[in-house]
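A.B. asks: Would you be able to build a 3D model of this:
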Amino acid sequence: MAGALVSPELSYSPYFIAAAAFGLIGALLVITGVAALWRARPLGFAVRTLMGLLFAALGLLAGGLAVGIQGYRALTHEEVAAHVTVVPTGRQRFDATFEFADGRRQIYELAGDEIYVDAHILKWKSFANILGLHTAYELDRVAGRYRGITEERAATRTVHELGLARPVDLFDLRRQHAFLWPLLDAEYGSATFVPVARPATLELRISTSGLLIRETVAK
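C.D. replies: Next up is the predicted model:
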């Protein structure tokens with residue numbers, strides 16, 4: 001059962017390994033603390049229990065980082081985040097088939113004149129790289145976009161989530177814990193959109209400066 005809950009990517013994460021190690025040490029210290037109390041050694045109980053709780057807290061923090069960073073992809077240069085095939089299915093209607101860099105494939109039904117995609121980007125300071133925190137991105141959502149403002153306000157709106165659901169999100173973790181601020185260089189959203197007037201194959205690319213979409217030229 002445990003193997004189904006922990007992905008290979010997560011199990012090899014240094015944060016996951018640190019979380020397991022800190023958790024084990026914390027548990028052992030708490031157990032020895034209880035044993036000290038049983039032998040009527042209150043000072044030993046207090047010291048070991050406090051140390052155990054400290055290691056447990058460090059384990060929870062490392063575990064949160066391990067889960068939070070899962071799904072984000074390290075970004076060092078411009079790269080293809082997804083291949084997208086768009087096919088009009090009616091007036092201001094089209095299907096968009098995404099083939100993600102991690103191998104997933106998903107089809108989205110969209111309404112509008114253009115395809116719109118946005119993403120989260122986290123850029124960490126250079127000394128945070130030592131901790132394994134590199135510039136990372138995660139695709140957030142895809143939507144149909146209308147050219148006209150009136151239609152954008154009144155016509156059918158379609159939007160779909162692109163990111164994977166997980167119990168801890170790195171963006172939320174950063175917002176909730178002020179001590180991560182000194183490690184962060186920049187946090188921003190990036191978006192791009194292109195018209196959909198005919199069937200086409202597109203490359204959704206991302207760099208440290210943001211998202212862009214290029215049509216694939218047939219060879």
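
A.B. asks: quick one: Leu202 from Trp38, how far?
C.D. replies: Distance, Leu202 to Trp38, using Cβ to Cβ, to the nearest Å: 67 Å. (C-beta placed from N, C-alpha, C; glycine too.)

A.B. asks: Next, the contact list for Thr97, please.
C.D. replies: Counting by Cβ atoms under 8 Å, 6 or more residues apart in numbering, Thr97 makes contact with Val84, Thr85, Val86, Val87, Arg105, Gln106, Ile107, Tyr108.

A.B. asks: just checking, the second one touches Arg105?
C.D. replies: Read it as Thr85. No. Using Cβ atoms under 8 Å, Thr85 is not in contact with Arg105; the gap is 10.2 Å.

A.B. asks: Mind listing the shared neighbours of these two?
C.D. replies: Counting by Cβ under 8 Å, 6+ apart, the residues touching both Thr85 and Arg105 are Thr97, Glu99.

A.B. asks: Break down this protein into its helices, ranges please.
C.D. replies: In the chain, the helices defined using DSSP state H lie at 2-5, 8-11, 14-38, 42-69, 149-154, 170-176.

A.B. asks: Now stretch 103-113: average pLDDT?
C.D. replies: Averaged over stretch 103-113, pLDDT sits at 95.

A.B. asks: Give the buried residues for that stretch.
C.D. replies: For stretch 103-113, a neighbour-count test (16 or more other Cβ atoms under 10 Å) marks Tyr108, Leu110, Ala111, Gly112, Asp113 as buried.

A.B. asks: how much space between the last one and Arg214?
C.D. replies: Going back to what we said before, that points to Asp113. 19 Å.

A.B. asks: Would you mind splitting the chain into its domains for me?
C.D. replies: Domain assignment for the chain by automatic domain parsing gives 2-69, 73-215.
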